[in-house]
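In: my questions are about this predicted structure, shown below with the sequence.
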Amino acid sequence: MKLREIAERVQCDLTGDGEVEISRLAPIETAGPGELTFLSNPRYRRRLKQTRAAAVIVARDLEELLVPTLRSPNPYYTFARALELFYQPPPFYRGVHSTAIVSPQAQIGKDAAIGPYCFIDDEVEIGDRCHLHSFVAIYRGARIGHDFTAHSHAVVREHCQLGNRVVLQNGAVIGCDGYGFARQDNGRYYKIVQSGPVVVEDDVEIQAHACLDRATVGETRIGRGAKIDNLVQVGHASTVGRDSLLCSQVGLAGTTHIGDDVILAGQVGVAGHLTVGDGVRATAQTGIPNDVPAGQTVSGYPGIENRQWLKCAAIYNRLPELLGEIRRLREEVAQLKK
């Protein structure tokens with residue numbers, strides 16, 4: 001595909017030779033002749049001098065380059081759109097596979113694709129154009145909107161509600177029992193019925209082996225456009241706001257409320273019964289034991305303001321030196337007292 005055609009289709013400004021043939025996209029470090037790459041992080045600008053790529057997607061205000069460029073207000077988003085021009089997922093099985101078990105009481109919309117060994121229980125409702133790969137299980141009474149995609153071994157438990165364009169990656173579990181047990185007088189634990197469903201709004205993607213617990217009472221809710229990464233745990237009766245990102249191995253204890261446009265980086269842990277405000281950023285491995293006001297960036301454990309944490313981390317590296325200085329000063333004071 002010629003570069004000028006790519007520019008037209010992703011709506012970018014073209015600088016340089018538009019007749020260059022592009023065969024695929026590649027990372028900036030390895031891209032070579034015939035390949036298109038991108039630069040979205042200014043920290044990697046020096047790599048532009050070394051790249052052998054045929055063309056580069058860059059920000060509109062970047063200086064002129066020797067190679068042809070596609071200039072965009074959002075290079076990473078443009079890269080994502082350009083990638084779709086060169087890669088299409090393999091076509092999926094159409095219709096209902098002979099090994100799938102679909103209850104006659106289930107209501108499935110038009111143009112369904114239900115793969116081998118899927119199970120769809122009584123009173124399930126699924127909208128148009130669903131794609132269920134092999135071994136997907138949909139429990140009784142689940143309600144799912146249009147354009148639903150579930151990869152192998154994904155599970156939607158009883159009475160959960162999913163909106164339109166929801167994607168479940170392999171092994172994602174929606175509506176497993178919340179971690180609810182009441183301690184009895186004899187010291188043993190009594191399981192509490194988890195009666196409340198999980199509600200997943202439109203345009204949510206839940207990736208591999210993430211678990212969203214159902215609520216004891218009420219509901220667990222994931223807001224529109226949220227993206228939940230691999231191995232994330234969302235505790236019972238929690239809420240995750242719109243367009244929030246929960247990255248790998250994030251854990252939310254029960255009744256945690258996450259605002260809109262929040263980013264919790266890898267392995268962030270959030271204690272239960274607290275609120276993380278809109279726009280909060282928590283860096284990797286932050287522990288959050290208390291409410292976090294909107295707009296803050298926090299780090300460390302317990303989570304504190306990021307700039308303060310960076311200062312503390314810098315001091316931590318000097319602790320042996322500082323300890324030696326304290327001992328020396330103590331000895332000097334002791335000598336003066338004699």
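Out: Good, I have the coordinates.

In: the helices in the stretch 201-338 of the chain, which residues?
Out: In the stretch 201-338 of the chain, the segments counted as helices under DSSP state H, counting those that start in this stretch are 306-316, 319-337.

In: now do the shortest one and helix 319-337, the angle between them.
Out: Going back to what we said before, that points to helix 306-316. 60 degrees (axes from the mean of the first three to the mean of the last three Cα atoms, to 10 degrees).

In: now find how far off-centre helix 306-316 is within its chain.
Out: Relative to its parent chain, helix 306-316 has a centroid offset of 27 Å by Cα atoms, centre = their mean, to the nearest Å.

In: still on that earlier bit, any idea which of the helices of the stretch 201-338 of the chain gets closest to residue 26?
Out: Among the helices of the stretch 201-338 of the chain, helix 306-316 comes nearest to residue 26, with 33.6 Å by Cβ to Cβ. Bear in mind the C-beta positions are built from the backbone N, C-alpha and C, glycine included.

In: just name the most buried of the helices of the stretch 201-338 of the chain.
Out: helix 306-316 (a mean of 12; mean count of other Cβ atoms under 10 Å).

In: for that helix, packing partners?
Out: Applying 3 or more Cβ pairs under 8 Å, 6 or more residues apart in numbering; DSSP states H and E, one finds that helix 306-316 contacts strand 297-299.

In: other SSEs contacting the strand it packs on?
Out: Using 3+ Cβ pairs under 8 Å, 6+ apart, strand 297-299 sits against strand 281-282, strand 304-305, helix 306-316.

In: okay, the ones you listed in JSON lines with distance to residue 207 and mean pLDDT next?
Out: Below are those laid out as JSON lines (distance: least, Cβ to Cβ, whole Å; pLDDT from 0 to 100):
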{"stretch": "strand 281-282", "distance to residue 207": "19", "mean pLDDT": "98"}
{"stretch": "strand 304-305", "distance to residue 207": "29", "mean pLDDT": "94"}
{"stretch": "helix 306-316", "distance to residue 207": "26", "mean pLDDT": "91"}
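
In: can I get those in CSV with distance to residue 158?
Out: As requested, the helices and strands packed on strand 297-299 are exported to CSV (distance: least, Cβ to Cβ, whole Å):
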stretch, distance to residue 158
strand 281-282, 33
strand 304-305, 41
helix 306-316, 42
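
In: residue 148: which of those is closest?
Out: strand 281-282 (30.3 Å).

In: can I see the domain layout of this structure?
Out: Using automatic domain parsing, the domain parsing of the chain gives 3-83, 95-307, 308-338.

In: residue 89: which of these is closest?
Out: Smallest distance to residue 89 across those (Cβ to Cβ): 10.0 Å, for domain 95-307.

In: circling back to that earlier point, closest to residue 54 out of the helices and strands packed on strand 297-299?
Out: Closest approach to residue 54 among the helices and strands packed on strand 297-299 (Cβ to Cβ): strand 281-282, 36.1 Å.

In: each with direction, which strands does the closest one pair with?
Out: If you go by DSSP bridges, strand 281-282 pairs up with strand 263-264 (parallel), strand 297-299 (parallel).

In: kindly reformat those as CSV containing mean pLDDT.
Out: As requested, those are exported to CSV (pLDDT from 0 to 100):
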stretch, mean pLDDT
strand 263-264, 98
strand 297-299, 97
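
In: tell me the phi and psi of residue 81?
Out: Main-chain dihedrals, residue 81, degrees, to the nearest 10: phi -70, psi -40.

In: check what pLDDT the residue nearest to it when sequence neighbours are not counted gets.
Out: Of all residues not flanking residue 81 in the chain, residue 10 sits nearest, at 4.7 Å (Cβ to Cβ, 6 or more residues apart in numbering). On pLDDT, residue 10 comes in at 94.

In: ok, the one 10 residues further on next?
Out: Reading off the confidence values, residue 20 has pLDDT 94.

In: so what's residue 306 up against?
Out: Applying Cβ atoms under 8 Å, 6 or more residues apart in numbering to residue 306 gives the contacts 281, 283, 297-299.

In: how about these in JSON lines, adding distance to residue 67 and neighbour count?
Out: Shown next, in JSON lines, are the contacts of residue 306 (distance: Cβ to Cβ, whole Å; neighbours: other Cβ atoms under 10 Å):
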{"residue": "281", "distance to residue 67": "34", "neighbour count": "18"}
{"residue": "283", "distance to residue 67": "35", "neighbour count": "18"}
{"residue": "297", "distance to residue 67": "36", "neighbour count": "17"}
{"residue": "298", "distance to residue 67": "41", "neighbour count": "24"}
{"residue": "299", "distance to residue 67": "38", "neighbour count": "23"}
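
In: what's the most distant pair in those?
Out: Using Cβ to Cβ, those span at most 9.1 Å, a distance reached by 281 and 299.

In: picking up where we left off before, need the winner for burial among the domains of the chain.
Out: Most buried of the domains of the chain by mean neighbour count (mean count of other Cβ under 10 Å) is domain 95-307; its value is a mean of 19.
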